[in-house]
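> whatever this is, show me its structure:
(2 chains)
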Amino acid sequence: MLESGAETYRVEDTMNRIAAAYGLADAQSYATPTGINFSTDVAESTTFIRISKRSTDLHKISNVNDISRKVTAGSVDLVEALAMLKKVDHTQLTFPSWMQIVAAAFVSGSFTIMFGGTWPDYIPTFIVGGMGFAAMLGCDRLVEIRFIAEFFASLVIGLLAFGFIYSGLGVELDKIIIGAVMPLVPGLPITNAVRDLMSGHLVAGVSKGVEALLTAFAIGAGIAVVFGVL
Amino acid sequence: MTIIAQLFTSFIAAAGFGILFNAPRKALIQCGLVGMFGWILYFLLVQQGMDVVPATVFAAMLVGALSQICAKLYKTPIIIFIVSGIIPLVPGGSAYDAMRNFVENDYYTAVQLSAKVMLLSGGIAIGLMFSEVVNQLIRKWVWRRAG
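Predicted structure coming up:
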């Protein structure tokens, strides 16, 4: 329930706080990116929840955080809190996917300028970045493996960027590709990995770091294939 | 003129990333502002002739500090602001250059660039960590004075 891209220590901390608020003084929790262990006391039986799908949803994290705050303050009881958590779990994404694609397109265009590109490259990057992100979303639905989706997306980006250069609409190939690739870059996993490592969650930190590395490798490989073929 | 363009684009980039990560709607503007200030500090420092690694460290520190303040003010998890704020500093450009040189069999340049990417990501981590440590120290100090 809690794993939508929060740091591991936040998950554990939230569980312990909620437990403490309901009078369980010695609750034990252990979270990794792929599973959560929780027991109400040291000697009690343990509940284990496996997490197979990892995504990024900061809105959910923020909502759960709110609820845990209320629980700790004692303003809601167990049943109400559970109902609220269920509701958060079932809420749809804050932003529909078309809006995410548009956002990705804007992000791409802006990054081109920030990395020293010129304004004529804004529109090509805008289109390439949007298409790339759309390709990732679409492929993510078809294939279970995220790695493939990212690889495919950067492949699309590379091909489209080359297309724009050949047709004379784009000026600098490098700048267009860098800008368009940015929405795919695993910024959140990297930051989380570092924060987890620093707060002593070595297992979680390392595994998230590897996830980020894999993503980066997938993006690089996609672009590399385009360069190698053309 | 360049600075205005940089301000504008970095704001859009950071806020756009907020949307990609499904940040709460009301936090988007703050995300954009945090990212904008971090990037502008980095940009100005580099323009003044500073090396990119220390510039990244300082910018990450600023992002960390601003995120702490925002998290306190709006009672939202700090991660929301940090993630979108740090994105402009992520060395995507250098990582791409490194990858490209690998593909073109220019390993010498590629390894050089990869080392730089590692240093830059390390710089981001150090900057964030530093602001967190400062925050903890301040909190402890305030707590002790109050108690």
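> and the strands in chain A?
A:28-32, A:35-39, A:46-50 (DSSP state E).
> how near is the residue nearest to A:Ile148 when sequence neighbours are not counted to A:Val225?
What sits nearest to A:Ile148 in space, not counting adjacent residues and going by C-beta to C-beta, 6 or more residues apart in numbering or on different chains, is A:Cys139, at 6.8 Å. Using the backbone N, CA and C atoms, a C-beta is placed for each residue, glycine as well. In this view, A:Cys139 and A:Val225 are 15 Å apart by C-beta to C-beta, to the nearest Å.
> who has more neighbours, those two?
Between A:Cys139 and A:Val225, A:Cys139 has the larger neighbour count (other C-beta atoms under 10 Å in any protein chain shown), namely 19 against 16.
> quick one: A:Leu155 and A:Phe227 touch, right?
No - between A:Leu155 and A:Phe227 there is no contact, the gap being 11.0 Å when judged by C-beta atoms under 8 Å.
> of these two, which one has the most company?
Using other C-beta under 10 Å as the criterion, A:Leu155 and A:Phe227 rank with A:Leu155 on top: 22 against 16.
> quick one: the more buried one and chain B, what's the gap?
14 Å (C-beta to the nearest C-beta, to the nearest Å).
> list the contacts of that residue.
Applying C-beta atoms under 8 Å, 6 or more residues apart in numbering or on different chains to A:Leu155 gives the contacts A:Gly222, A:Ile223, A:Val225, A:Val226.
> repeat that for B:Gln30.
The neighbours of B:Gln30, taking C-beta under 8 Å, 6+ apart as the test, are B:Cys70, B:Tyr74, B:Phe81.
> recalculate using a threshold of 10 Å.
B:14-15, B:18, B:23-24, B:66-67, B:69-71, B:73-74, B:76, B:80-81, B:84-85 (C-beta atoms under 10 Å, 6 or more residues apart in numbering or on different chains).
> before we move on, what about A:Ala161?
A:Ala161 touches A:124-125, A:127-129, A:132, A:170, A:172-181, A:223, A:226, counting by C-beta under 10 Å, 6+ apart.
> try 8 Å
A:Ala161 touches A:Pro124, A:Val128, A:Gly170, A:Leu173, A:Ile176, A:Ile177, A:Ala180, counting by C-beta under 8 Å, 6+ apart.
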